[in-house]
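Novice: model the structure of this input:
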Amino acid sequence: MSDWTDGYVADIDYTYGYYPELNPLRARLALLNKGLALPGLSCACELGFGQGLSVNIHAAASGTQWVGTDFNPAQAGFAQSLAAASGSSARLHDQAFTEFANRSDLPDFDFVGLHGIWSWISDDNRRVIVDLLRRKLKVGGILYISYNTMPGWAAFAPMRHLMALHAQTMGAPGIGTVSRVDNAIGFAEKLLATQPGFVRAQPQVTDRLAKLKGQNRHYLAHEYFNADWQPMHFATMADWLAPAKLGYACSANYLDHFDGFNFKAAQQTLLKEIPDAVLRETTRDFILNQQFRRDYWVKGPRRLAALDQAQSWRQQSVLLCTRRADVPLKIKTALGEATMSESVYAPILDLLADHQARTLTLIEQELKDQRVQLNQIKEAVLLLVSAGHMALAQDAPSIANAKPHTERLNAQLLGQARSSSDIAYLASPVTGGGVPLGRFQQLFLSAQKQGLKLPVEWADAAWQTLNAQNQRVIKDGKALDSAEKNLAELSSQAGSFAEQKLAVLQALQIA
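Specialist: This is a model prediction of the structure:
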């Protein structure tokens, strides 16, 4: 009997992650910062969408038509249920890449996204994806692709191989994938205890294994224990994508756009001396010991005139999605901690403290007397969005069109939160993307939407939901053992939610 999994872990579900880089709105800003022409966003595709949280949030929260596939029928079924709940036009399938790529009804795409899946599939599947990009990604279209890369995996790759081999050869199928993962980790620990020569040469492996041991087993199974697992040098990725006529545009991580935050002076000088983009990016990865890349590629990148680039920046709308008081003027970088200029950032943050969306034109005009320039505003937007304190905003018609769908999707997700903490995001029609919100905060929001006005009432409603399922609040690693303690903790969290989150959620048109 044929194995439809093709060596991919499929007997346990993948995690319910949301990946903002898959939001085409963020992709367009990254390209704009590099001075590249922007495509339209009428149709997009996600390949290997997992549980489908990202694709459903983006389909509900924007006017973009989304199509996608994930070969795991359980995951595809869940994704389809979210699409049906939201009423979006997302077309989500449970087909393998070959079957999906050969569909006769596939439109041409402005944007195609693959998060992580590239590292876990066979070369045959990679060829199918490249051919799909060659045929169906429009000229000027964007590819988002994230993948495990070298040299950051060079030290741990042999240990991953050993653990996967142990799971394959020593784990009886009947014990389940999670048990095989646990046993493989246990075997690796026994090996390290013997002080092998490999670990003496690569001492960081010990810390890496210790961190891995504390991670979600479903994540580990999909990340480390597939039959195919290949970290890839950037230059190798460029070779793979060349037949689809894709050129590297930029990193999807906005912080990577600032060399001064990532490289010492001598390193910056060296990189500037490298004219070839592929060699330069490969060298960057060696300097940073890069382990995971998130990149945007474009089919035929075109340069924008400086005037057009500045005009497009000025038309971009943003809003603050964190309380003004909670935004630090420090940011963590590859070189440590950097302090942002208070004379630049404080006026921007003060102006946006009401959480209302404004174009960069309006921000520039409002701050003219404080001598804050457009280039400084642009830098602040990139850094604050990267840190999660600021979000890009859609125009008013797009927000209005998306809101009915996000309301229906969020109602479904809030219903999930009654019994599970698996999904920690809701959809915003303002940003066209996802907003992080934990289970208890979702329960408080549900109570508020039901007409309860006081935080103590939200806490009581949340406790009733938990208690009915014999669940307890975990604090400091321990379950609280009485109703009074649970209610007190929930009341404290509900008060913080009212003070710190509710106004932001209202501005994002989630509450």
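Novice: C-alpha only now, for contacts and for neighbours.
Specialist: Fine.
Novice: with Val504 as the reference, measure out to Arg323.
Specialist: Arg323 is 8 Å from Val504, where distance means Cα to Cα, to the nearest Å.
Novice: those two: which is more packed in?
Specialist: Val504 (22 against 18; other Cα atoms under 10 Å).
Novice: can you tell me which residues contact the residue lying closest to the more buried one once chain neighbours are set aside?
Specialist: Of all residues not flanking Val504 in the chain, Cys321 sits nearest, at 5.7 Å (Cα to Cα, 6 or more residues apart in numbering). Each residue near Cys321 by Cα atoms under 8 Å, 6 or more residues apart in numbering is listed here: 355, 388-391, 504, 508.
Novice: rerun at 6 Å
Specialist: Residues in contact with Cys321 (Cα atoms under 6 Å, 6 or more residues apart in numbering) are 389-390, 504.
Novice: okay if I get the residues you listed as CSV plus distance to Ser104, pLDDT and secondary structure?
Specialist: Output for the contacts of Cys321, formatted as CSV (distance: Cα to Cα, whole Å; pLDDT from 0 to 100; DSSP: H, G, I helix; E, B strand; the rest coil):
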residue, distance to Ser104, pLDDT, secondary structure
His389, 42, 96, coil
Met390, 41, 97, strand
Val504, 44, 96, helix
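Novice: and these as CSV, adding distance to Ala400?
Specialist: Listed next are the contacts of Cys321 as CSV, based on distance: Cα to Cα, whole Å:
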residue, distance to Ala400
His389, 23
Met390, 21
Val504, 18
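Novice: in this protein, which residue sits furthest out from the middle?
Specialist: Ranked by distance from the centre of the chain (Cα atoms, centre = their mean), the top residue is Thr194, with 38.6 Å.
Novice: okay, the helix-or-strand element of the chain with minimal mean pLDDT in CSV with CA atoms only?
Specialist: Ranked by mean pLDDT, DSSP states H and E, the weakest helix or strand in the chain is helix 217-224, scoring a mean of 75. Written as CSV, here are the backbone C-alpha positions of helix 217-224 (Å, rounded to 0.1, in the frame of the first residue of the first chain):
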residue,chain,number,x,y,z
ARG,A,217,6.6,17.8,20.9
HIS,A,218,4.3,18.3,18.0
TYR,A,219,6.5,21.2,16.8
LEU,A,220,9.6,19.0,17.2
ALA,A,221,8.2,16.1,15.3
HIS,A,222,7.5,18.3,12.3
GLU,A,223,10.7,20.3,12.6
TYR,A,224,13.2,17.6,13.2
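Novice: that older thread, ok, the residue farthest from the centre of the chain to Pro73 distance?
Specialist: 43 Å.
Novice: one step back: distance of the residue nearest to Val504 from Pro73?
Specialist: 36 Å.
Novice: counting by contacts, list what the longest strand anywhere in the chain packs against.
Specialist: Criterion DSSP state E: the longest strand present in the chain is strand 137-148. On a contact count with 3 or more Cα pairs under 6 Å, 6 or more residues apart in numbering; DSSP states H and E, strand 137-148 meets strand 109-115, strand 292-299.
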